[in-house]
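Participant: Curious how this folds, go ahead:
(chains A, B, C and D)
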Protein chains: 2
Amino acid sequence: MRAGQSGNDGASDMTGPAKKRTPRQRDPERTRAQLLEAALHEFADHGFHGARVDRITRAVGCNPRLLYHYFGSKEKLYIAALEHIFADIRAQERELDLDRQEPVQAMRRLVEFTYDFFDGNPLFVKLTRNENLLEGRFIADIAAIRTSSQPLLDAIGAIMARGQAQGVFGHRYDPLQIYVTIVALSAHHLNNGHTLSAIFGIDLLSRDWRSARRAHTVDLVMNALSGADSPQP
Amino acid sequence: MRAGQSGNDGASDMTGPAKKRTPRQRDPERTRAQLLEAALHEFADHGFHGARVDRITRAVGCNPRLLYHYFGSKEKLYIAALEHIFADIRAQERELDLDRQEPVQAMRRLVEFTYDFFDGNPLFVKLTRNENLLEGRFIADIAAIRTSSQPLLDAIGAIMARGQAQGVFGHRYDPLQIYVTIVALSAHHLNNGHTLSAIFGIDLLSRDWRSARRAHTVDLVMNALSGADSPQP
DNA sequence: CGCCTAAGTAAGTATTTTATGAATTAACAT
DNA sequence: ATGTTAATTCATAAAATACTTACTTAGGCG
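Facilitator: I've put the predicted structure just below:
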């Protein structure tokens, strides 16, 4: 707290209160980062329209003007937040390294990883939900969002092919369908936790239920892939 | 601008249409219904915070005051809309009648029904999404929302039990997990269609993809239930 | 017919909320 | 120091937006 208190010079302030003359230590990077972090939470909790720039700046404890100085507008701040959160998933996905493992193990690892990602990133879940509410108005413009998606699908396709060749996997599904399935099983109860919980009178967001859900998800996907063939109509 | 006078002074109106002199035929029920219908779409498309009462009344072509006359506030209108859309699903669900069919067929029917319900009710999907964005602030207060949920779970449990007894189903899962799974597989791509489409560069909301998804969903659930046992760790 | 209530209209207002213009102050290179 | 640039504050514009007050008119009912 080295900031130049030398407090009493605040006396020069004419308005009565004269409280926090503390002129906010200059640190543009920190300020920008704090704003982005606060925005992430604000947009996640209230959506774009429900979010208030005022709440964001108050959370950071800075002047509203700064938000516009650094980000230009509420919309641009939202885009920055979206971009930031999507960068994370790409980074994490890159560490998966599925090609070197046996098919069954690789698939299990992918499912567990995916489940844990959503379970551990409520901000991502919420921001994504809101972006879909906005009909994906901004997501398309974010560059580098499709970059590592094809590799992921390829990896899934490769795992299934290998598994089939080895005879451990049965019916071969479309990799995209499988991936959407994994994500659906992992995230739907998070996306719709409040309504589902209200409808069934059980808290689907509790630690216990989520833990059971994890096992169920892994179970189901492995079961689907290893099953010989789908029951015929 | 002493409004009220008779028709032809519409010439003073600058915008072309000049329709509004017609003093809206009196029909309270119709007005109320129209407001509710418009609200359903407005809240679905923009969420609670993004929705504009002004747009709703303009869509109906009535005076803003009427909205408050009939519903009291934006919030109460939202609740009315939520209540209305949730009443539908309950009604439809009641027609299922799963107990009289063979287990495999009953389950297939349930999955298809559930898939088609979400696929055919975008308003329901969107309103639900928004209600979850609001952390279920209103859903809990809506009476009769839990009414027919337990019967549904019981029905699922019964189907699985019968299937197991007949030897057509293998491992027995928790009915709630199964139901959440069915819903997840049916609705996740609708809930997250825009982001997923952007990420993979494929339109998951197209008729073709949704049709493929339907088959995949049925396939997966039937496969999961009929599978002997899950692959062991 | 004439009155009374409720449906409907016109025209605000109060408040919130995003956004800026311009002054002020710190940091830093020269 | 000094001058320049960028960070921060102050004060407020400007626009939305939910909601109201005060009126008008239709139409059922005695």
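
Participant: For the rest of this, base every contact and every neighbour count on C-alpha atoms.
Facilitator: OK.

Participant: helices or strands up against the longest helix along chain A?
Facilitator: Criterion DSSP state H: the longest helix present in chain A is helix A:28-50. Under the contact definition 3 or more Cα pairs under 8 Å, 6 or more residues apart in numbering or on different chains; DSSP states H and E, helix A:28-50 sits against helix A:53-60, helix A:74-93, helix A:122-133, helix B:28-50, helix B:122-133.

Participant: of those helices, which approaches DNA strand D most closely?
Facilitator: Proximity to DNA strand D (Cα to the nearest atom of the strand) singles out helix B:28-50 among these, at 6.8 Å.

Participant: who's in contact with the residue nearest to the spatial centre of chain A?
Facilitator: Residue closest to the mean C-alpha point of chain A, counted by Cα atoms, centre = their mean, is A:Phe124 at 1.5 Å. Residues near A:Phe124 by Cα atoms under 8 Å, 6 or more residues apart in numbering or on different chains: A:44, A:85-86, A:118.

Participant: that older thread, for the longest helix of chain A, which outside residues touch it?
Facilitator: So helix A:28-50 is in contact with A:51-52, A:55-57, A:59-60, A:67, A:70, A:77-78, A:80-82, A:123-124, A:126-127, A:130, B:49-50, B:133-134, going by Cα under 8 Å, 6+ apart.

Participant: so which of those are also by DNA strand C?
Facilitator: Here is what survives when the contacts of helix A:28-50 are matched to DNA strand C using Cα under 7 Å from any atom of the strand: A:51-52.

Participant: The contacts of helix A:28-50, buried ones only, as a ChimeraX selection?
Facilitator: Selection of buried members from the contacts of helix A:28-50 for ChimeraX, criterion 16 or more other Cα atoms under 10 Å in any protein chain shown:
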select /A:51,52,56,57,60,67,70,77,78,80,81,82,123,124,126,127,130 /B:49,50,133,134
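
Participant: mind checking how far the nearest residue to A:His189 once chain neighbours are set aside is from B:Leu133?
Facilitator: Nearest-residue entry for A:His189: A:Leu204, 6.6 Å, with adjacent residues in sequence omitted and distances by Cα to Cα, 6 or more residues apart in numbering or on different chains. Applying Cα to Cα, to the nearest Å, the value for A:Leu204 to B:Leu133 is 16 Å.

Participant: what number of residues lie near the residue nearest to A:Arg55 when sequence neighbours are not counted?
Facilitator: Of all residues not flanking A:Arg55 in the chain, A:Glu42 sits nearest, at 7.7 Å (Cα to Cα, 6+ apart). Neighbour count for A:Glu42, taken as other Cα atoms under 10 Å in any protein chain shown: 22.

Participant: any idea how far A:Glu42 is from A:Val218?
Facilitator: Remark: distance between A:Glu42 and A:Val218 (Cα to Cα) = 33 Å.

Participant: With A:Ala187 instead?
Facilitator: 13 Å.

Participant: same thing with A:Ile182?
Facilitator: Distance, A:Ile182 to A:Val218, by Cα to Cα: 9 Å.

Participant: Report the contact partners of the residue of chain A found nearest DNA strand D.
Facilitator: Closest to DNA strand D within chain A is A:Arg26: 3.4 Å, counting by Cα to the nearest atom of the strand. By Cα under 8 Å, 6+ apart, the contact list for A:Arg26 is empty.

Participant: give me the element it is part of.
Facilitator: Take DSSP states H and E as the rule and A:Arg26 turns out to sit in neither a helix nor a strand.

Participant: what sits against A:Arg162?
Facilitator: A:Pro103.

Participant: So what are the structural domains in chain A, by residue number?
Facilitator: For chain A, automatic domain parsing gives the domain ranges A:26-72, A:88-228.

Participant: so can I have a markdown table of these showing mean pLDDT?
Facilitator: Converted to a markdown table, these look like this (pLDDT from 0 to 100):
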| stretch | mean pLDDT |
| --- | --- |
| domain A:26-72 | 96 |
| domain A:88-228 | 92 |
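
Participant: okay, these in CSV with distance to B:Gln92 next?
Facilitator: Below are these laid out as CSV (distance: least, Cα to Cα, whole Å):
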stretch, distance to B:Gln92
domain A:26-72, 31
domain A:88-228, 16
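
Participant: burial count for A:Asn121?
Facilitator: 13.

Participant: Same check on A:Tyr179?
Facilitator: 18.

Participant: helices or strands next to the helix or strand it falls within in the packing?
Facilitator: A:Tyr179 belongs to helix A:175-191 when assigned by DSSP H and E. In terms of contacts (3+ Cα pairs under 8 Å, 6+ apart), helix A:175-191 is packed against helix A:103-120, helix A:122-133, helix A:149-166, helix A:207-226, helix B:175-191.
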